[in-house]
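1. sequence isn't available, so here's the structure alone:
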């Protein structure tokens, strides 16, 4: 299945799932507690996002000051951004996904997966999109006349 098809299915399925969950939970605990929970998770998520974002930014700056490439922090930033967007979207399913993006251990595993499987380090530089081909030899040559 292509990426576009998966994204399209997510845009179709997630709203229906959110409406179902909101109606089901609203039927169990009532309208006002449901609205309160949705608003509370958005406010709590924004506070946690701010805290995690500043912590990631601090690690990013510390790595730069030490002369280390902040690869994990550069991947964790967009993960935090997606998590924040999911938390601000009303609904319980998106809140669960958003809070999952705010868990540092899970975010670190996602970042490690992206770096190891989608970025290949060659000669000290990171090259996105290069495959791990064992038949390629890298080196330097000098033409002698």
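-> It's in. A quick note: this is a predicted structure, and the numbers were derived from the prediction, not measured.

2. contacts for stretch 74-89?
-> Here stretch 74-89 makes contact (Cβ atoms under 8 Å, 6 or more residues apart in numbering) with 41-42, 45-46, 49, 52-53, 56, 60, 94-95, 97-102, 107-108, 110-111, 114-115. (Glycine included, C-beta is placed from N, CA and C.)

3. tell me the mean pLDDT for that stretch?
-> Here stretch 74-89 scores 91 as its mean pLDDT.

4. list the buried residues of it.
-> 74-77, 79-80, 83-84, 86-89 (16 or more other Cβ atoms under 10 Å).

5. returning to that earlier point: tell me the buried residues within the contacts of stretch 74-89.
-> Among the contacts of stretch 74-89, the ones that count as buried (16+ other Cβ under 10 Å) are 41-42, 45, 49, 52-53, 56, 60, 94-95, 97-99, 101-102, 107, 110-111, 114-115.

6. most centrally placed residue in this protein?
-> residue 79 (2.2 Å; Cα atoms, centre = their mean).

7. and that residue, backbone torsions?
-> phi -60, psi -40 (degrees, to the nearest 10).

8. how near is it to residue 50?
-> Residue 79 is 15 Å from residue 50, where distance means Cβ to Cβ, to the nearest Å.

9. likewise for residue 56?
-> From residue 56 to residue 50 the distance is 11 Å (Cβ to Cβ).

10. how about residue 6?
-> Residue 6 is 30 Å from residue 50, by Cβ to Cβ.

11. so where's the chain shaky on pLDDT?
-> Residues of the chain meeting the criterion pLDDT under 70: 120-134, 137.

12. for the lengthiest helix in the chain, which positions count as buried?
-> Secondary structure of the chain read by DSSP state H shows that its longest helix is helix 31-65. Residues of helix 31-65 classed as buried under the neighbour-count rule (16+ other Cβ under 10 Å) are 34, 37-38, 41-42, 45, 48-49, 52-53, 56, 60, 63.
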